[in-house]
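[1] missing the sequence, but the structure's below:
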């Protein structure tokens, strides 16, 4: 199943979030696959496409 996850960033938080993602990777549990993502022009919202057969993995 393909899911769209929408994350909202606190003002000014995006650079730290992306730095951590570059250094540590996405840190998703096994079975939750990152497909693609994009952010709005203000770096306020991030839209992610994720794939999994187990919806409960989003709670991990």
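    Now that the structure is in, tell me what you want to look at. Computed from a prediction, not measured in an experiment: that's the story for all the values here.
[2] Heading C-terminal from the helix or strand of the chain with the lowest mean pLDDT, find the next helix or strand.
    Using mean pLDDT, DSSP states H and E, the weakest-scoring helix or strand in the chain turns out to be helix 14-24, at a mean of 86. Later in the chain than helix 14-24, the nearest helix or strand by DSSP states H and E is strand 33-39.
[3] Using neighbour counts, pick out the buried residues of that next one.
    residue 39 (16 or more other CB atoms under 10 Å). Placement of C-beta: from N, CA and C, glycine included.
[4] Now do the very next helix or strand once past that strand and strand 33-39, the angle between them.
    Per DSSP H and E, the first helix or strand lying C-terminal to strand 33-39 is strand 45-51. With axes from the mean of the first three to the mean of the last three CA atoms, to 10 degrees applied, the angle from strand 45-51 to strand 33-39 works out at 160 degrees.
[5] partners of strand 45-51, with directions?
    Strand 45-51 pairs in its sheet with strand 2-8 (antiparallel), strand 33-39 (antiparallel), by DSSP bridges.
[6] Which residues belonging to it are considered buried?
    46, 48, 50.
[7] ok, and what's touching that strand?
    In this structure, residues lying in contact with strand 45-51 by CB atoms under 8 Å, 6 or more residues apart in numbering are 1-9, 28, 32-39, 58.
[8] let's see 7 Å
    2-9, 32-39 (CB atoms under 7 Å, 6 or more residues apart in numbering).
[9] mind checking how far residue 36 is from residue 22?
    As for residue 36, its distance to residue 22 is 17 Å (criterion: CB to CB, to the nearest Å).
[10] which residues does the closest residue to residue 5 other than its chain neighbours bridge with?
    Distance criterion CB to CB, 6 or more residues apart in numbering; nearest residue to residue 5, sequence neighbours excluded, is residue 48 at 4.4 Å. With DSSP bridges applied, residue 48 shows beta-bridge pairing to residue 5, residue 37.
[11] Start and end of stretch 33-53, how far apart?
    10 Å (CA to CA, to the nearest Å).
[12] Could you give the average pLDDT over it?
    The pLDDT scores in stretch 33-53 average 93.
[13] Does residue 57 touch residue 33 like I think?
    No - applying CB atoms under 7 Å as the test, residue 57 and residue 33 come out as separate, 9.7 Å apart.
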